[in-house]
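**Student:** take this sequence and fold it.
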Amino acid sequence: MKKRQIKAILFDVGGVLALGENSRLENGKFIPSGVHLNMAKKLNISIDQYIDSIDTAYVSAITGKLSKKEVIETLSKNFGVSSKKLKRLYIDSYKKNFKQNKELFNKLFKLKKQGYKIAILSDQWFLSKEALMPKKLYKNFDEVIVSCDVGIRKPNQKIYQLAVKKLNFSPKEILFIDNQKWNISPAKKLGMKTILFKSNKQLFSDEKWRNL
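**Tutor:** Residues are numbered from 1 along each chain as shown. Predicted coordinates:
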């Protein structure tokens, strides 16, 4: 019997397990799409006003420098709406703009039954985590590493090293799947096998996935 080379599969959430338009940070600058464009519309302000209001708090919240309560209170004050209403608008916007990748979930849970460890490595702030990572699904993962919980975000090498430590395998025994090139690069340098996710069809036809 051929010895299994990959022993753990590490998944991103936004753009992989939750499909939709993902806002992102590029060189420290917030690039909005999907959820945040929808939020600007709901709040009846321009996207430029929205970015000015959210920028610092959002960046801080992604690495947990602001708690869930602090970020909601800060944005509530910036937008002039109640904390309760703001939270509801965000959760609704995330759920409207993203859908769970059920086909991929079915595949990865089958892999777990075959003996693979499955894990999460994702950049989220507290509101996106609550909306996109329902406990009933994510409790089934062996490890869940989220930037707002651990205080580090991709592509910082330390978050990949943390994943290796938690999974307790060598990097070459881990397959990392993410939809952003800049997040794939540090994993490769560390020695992980990687797949740049574009679609389920592309993922399932990739040789590294087919060899699992």
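**Student:** show me what the host helix or strand of residue 120 is packed up against.
**Tutor:** If you go by DSSP states H and E, residue 120 is part of strand 117-122. Contacts defined by 3 or more CB pairs under 8 Å, 6 or more residues apart in numbering; DSSP states H and E place strand 117-122 against strand 8-11, helix 102-113, strand 143-146, helix 157-167. The C-beta positions use only the backbone N, C-alpha and C, and glycine is treated the same way.
**Student:** send me the longest one as PDB with only the CA atoms.
**Tutor:** In this case it means helix 102-113. The C-alpha trace of helix 102-113 is given here as PDB (Å, rounded to 0.1, in the frame of the first residue of the first chain):
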ATOM      1  CA  LYS A 102     -21.700  22.500   0.100                       C
ATOM      2  CA  GLU A 103     -20.000  20.400  -2.600                       C
ATOM      3  CA  LEU A 104     -16.600  21.100  -1.100                       C
ATOM      4  CA  PHE A 105     -17.800  20.500   2.500                       C
ATOM      5  CA  ASN A 106     -19.100  17.100   1.400                       C
ATOM      6  CA  LYS A 107     -15.800  16.200  -0.100                       C
ATOM      7  CA  LEU A 108     -13.700  17.300   2.800                       C
ATOM      8  CA  PHE A 109     -15.800  15.600   5.400                       C
ATOM      9  CA  LYS A 110     -15.400  12.300   3.400                       C
ATOM     10  CA  LEU A 111     -11.600  12.900   3.500                       C
ATOM     11  CA  LYS A 112     -11.800  13.300   7.200                       C
ATOM     12  CA  LYS A 113     -13.500   9.900   7.500                       C
END
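**Student:** that one vs strand 117-122, what angle?
**Tutor:** Relative orientation of helix 102-113 and strand 117-122, computed by axes from the mean of the first three to the mean of the last three CA atoms, to 10 degrees: 140 degrees.
**Student:** if we can go back for a sec, quick one: mean pLDDT over the next helix or strand after the strand holding residue 120.
**Tutor:** Downstream of strand 117-122, the next assigned helix or strand under DSSP H and E is helix 126-132. Across helix 126-132, the average pLDDT comes to 94.
**Student:** then stretch 105-121?
**Tutor:** 97.
**Student:** cool, and stretch 74-82?
**Tutor:** 96.
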